[in-house]
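Trainee: how does the following fold in three dimensions:
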Amino acid sequence: MSKGWKIGLTIIAAIMLLMMLGAGACFYYFSQIGDQVREDQKAAEKLGETADEQACLQEALARTEGKNAIAGAATATVFLSTCLRKSRPSRGFCDGVPTGEDKDATRKWAESKCQSLGQGNITCGAVMGAVIGHCQQRGSDPPPPPTAKPEEPTNKEKKK
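Mentor: Below is the predicted model:
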């Protein structure tokens with residue numbers, strides 16, 4: 001075997017080794033995210049049983065702190081979606097939420113909502129996608145209950 005072939009085979013073997021190491025690292029990384037997502041789902045179900053929609057959103061955004069964009073978006077979105085399914089409605093939570101069909105309106109709404117919540121990271125936009133999906137399924141807020149009018153006194157009470 002010539003020197004050129006030996007060098008070529010060595011380079012190919014090194015590339016294949018790097019690819020296998022990269023695949024192993026990706027597998028490990030994404031399995032860690034999967035474990036975190038399962039833990040977050042359990043916590044979201046527990047919180048959703050006692051919280052309203054706004055509390056679920058606040059907790060999901062708090063959980064993105066200190067995480068990279070991929071892990072933060074994945075875990076926060078799953079957490080929020082799970083929590084919202086179990087939570088009580090919050091008055092006004094779905095007010096102004098776009099339908100999701102107009103991508104430009106959706107993007108602008110998410111940016112505006114993230115800015116109003118003091119969130120400037122890309123993860124917030126992914127979380128707002130879960131809000132849009134939830135609000136499309138839930139629909140708008142029910143009308144507020146009628147205000148109770150004081151009962152008018154009866155004829156007997158008027159005579160007293």
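Trainee: any idea which helix is longest in the protein?
Mentor: helix 3-48 (DSSP state H).
Trainee: show me what that helix is packed up against.
Mentor: Under the contact definition 3 or more C-beta pairs under 8 Å, 6 or more residues apart in numbering; DSSP states H and E, helix 3-48 sits against helix 53-62, helix 69-86. Using the backbone N, CA and C atoms, a C-beta is placed for each residue, glycine as well.
Trainee: at the geometric centre of this protein, which residue do we find?
Mentor: The central residue of the chain, meaning the one whose C-alpha is nearest the mean C-alpha position (C-alpha atoms, centre = their mean), is T77 at 2.5 Å.
Trainee: and the closest residue to that residue other than its chain neighbours, what is it in contact with?
Mentor: Distances taken as C-beta to C-beta, 6 or more residues apart in numbering place A130 nearest to T77, at 4.9 Å, with adjacent residues excluded. With contacts defined as C-beta atoms under 8 Å, 6 or more residues apart in numbering, A130 is in contact with 60, 77, 80-81, 84.
Trainee: which members of these are the farthest-apart pair?
Mentor: Taking C-beta to C-beta as the measure, the contacts of A130 reach their widest spread between T77 and L84, a distance of 10.7 Å.
Trainee: ok, I132 touching G96?
Mentor: No: contact status for I132 versus G96: not in contact, 10.9 Å apart, counting by C-beta atoms under 8 Å.
Trainee: pLDDT score for the residue nearest to T77?
Mentor: Looking at A130, its pLDDT stands at 90.
Trainee: go on, R138?
Mentor: As summarised for this prediction, R138 has a pLDDT of 77.
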